[in-house]
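Q: Structure, please.
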Amino acid sequence: MQHPPLFPFPVPSPENSRRNCVIAFTTPQNYAPRLSELIHLKGWTPLWCPTVIVESTEQTISSIHHYLNPRAGIDEPNSFLEEFSSLAFTSRTGITAFSQALSINPTPPLTPNGEILTITALGNDAELLDRDFIRKMCANPERIRVLVPSIATPSGLVEALGIGQGRKVLCPVPLVIGLNEPPVVPKFLDDLSKRGWIPVRLDAYETRWAGAKCAEDVVMKSEEECGFDAIVFTSTGEVEGLLKSLEEFGLDWSMVRRRCPRMVVAAHGPVTAAGAESLGVGIDVVSSNFGSFDGVVDALAHKWKSLENQES
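A: Okay, here's the model as predicted:
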């Protein structure tokens, strides 16, 4: 199944392309346009092969509303969110899902007076914690503190939050369906506990396998003479989703490697790289700047530049 282009691409110009490189990437829909654009800006051809579906559902929105709605049986209306000292987002989708729930909430969940709530996000995800998001959280913006760790990983977030001293932190994370839950979220929650926090898991959205045919474009392209030049993974779930689909086609990762011997395998950050390696997928390139997708695309360009210098 050939996925339609995310937006029309002109043919890359020869002077800006390396053999008109084809870059496969398994990112879900919500992240795909940005990564596709960055690949195109390098003069390469993006091949979008989503292996997971990430989205909010009625169930997950309801789960978020549990913490936003006024509690029954008390004189002054306030929400369960008032019990928390921090709201820790580890993904852009978590922020989007939370914002969606806030938009249909009749009143801000936080009263104008009370303790500071620290909201954390990783890298460029923090741009979603804008004035509008804060306004939907509380009429008094002074109650909100936004914290962006210098290292854009869940462990970096834990370090930035510091010692919990028995305080509660709400953690909007994915509910994984049809795949094994990667160790990232359980480790994140465990690390928070070790730092003295009381983490409360909130299944804020779903991550589901995209189905048996999701690797079809990768399989078909790998059968061609040139195949594709690189594949980019941005989460461990994407890797498992691809491997699971390859099995449906009677293939495994080593067979794809043999079909595409020049293929470079890139991971967006060390967490994704470690997850891929644990599933038997060797990684050639890991972005050191993983606050945005620019890092993994630049890392690919650097890899090929180094190879060209060696060959010249």
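Q: Which helix runs longest in the protein?
A: Using DSSP state H, we find that the single longest helix of the chain is helix 294-311.
Q: Rounded mean pLDDT for that helix, please.
A: Summarised as a single mean, pLDDT over helix 294-311 is 87.
Q: Tell me how the chain divides into domains.
A: Residue ranges of the domains in the chain are recorded as 14-51+212-311, 55-208, according to automatic domain parsing.
Q: ranking the ones you listed by mean pLDDT, which is last?
A: For these, the stretch scoring lowest in mean pLDDT is domain 14-51+212-311; its value is a mean of 91.
Q: Please enumerate the strands of this protein.
A: Assignment of strands within the chain using DSSP state E yields the ranges 22-25, 45-48, 52-55, 86-88, 117-120, 144-147, 168-177, 198-209, 230-233, 264-267, 285-286.
Q: any chance of these in a markdown table, with mean neighbour count and distance to I39 too?
A: For every residue, glycine as well, the C-beta is placed using N, CA and C. Output for the strands of the chain, formatted as a markdown table (neighbours: other Cβ atoms under 10 Å; distance: least, Cβ to Cβ, whole Å):
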| stretch | mean neighbour count | distance to I39 |
| --- | --- | --- |
| strand 22-25 | 24 | 5 |
| strand 45-48 | 21 | 4 |
| strand 52-55 | 22 | 19 |
| strand 86-88 | 25 | 30 |
| strand 117-120 | 21 | 29 |
| strand 144-147 | 15 | 30 |
| strand 168-177 | 21 | 25 |
| strand 198-209 | 20 | 23 |
| strand 230-233 | 26 | 8 |
| strand 264-267 | 24 | 11 |
| strand 285-286 | 20 | 14 |
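Q: can you pull up the bridge partners for S86?
A: On the basis of DSSP bridges, S86 is bridged to T118, V169.
Q: rewinding a little: save the strands of the chain as TSV, and put in distance to M220 too.
A: Formatted as TSV, these follow (distance: least, Cβ to Cβ, whole Å):
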stretch	distance to M220
strand 22-25	11
strand 45-48	10
strand 52-55	20
strand 86-88	41
strand 117-120	41
strand 144-147	44
strand 168-177	27
strand 198-209	20
strand 230-233	14
strand 264-267	19
strand 285-286	24
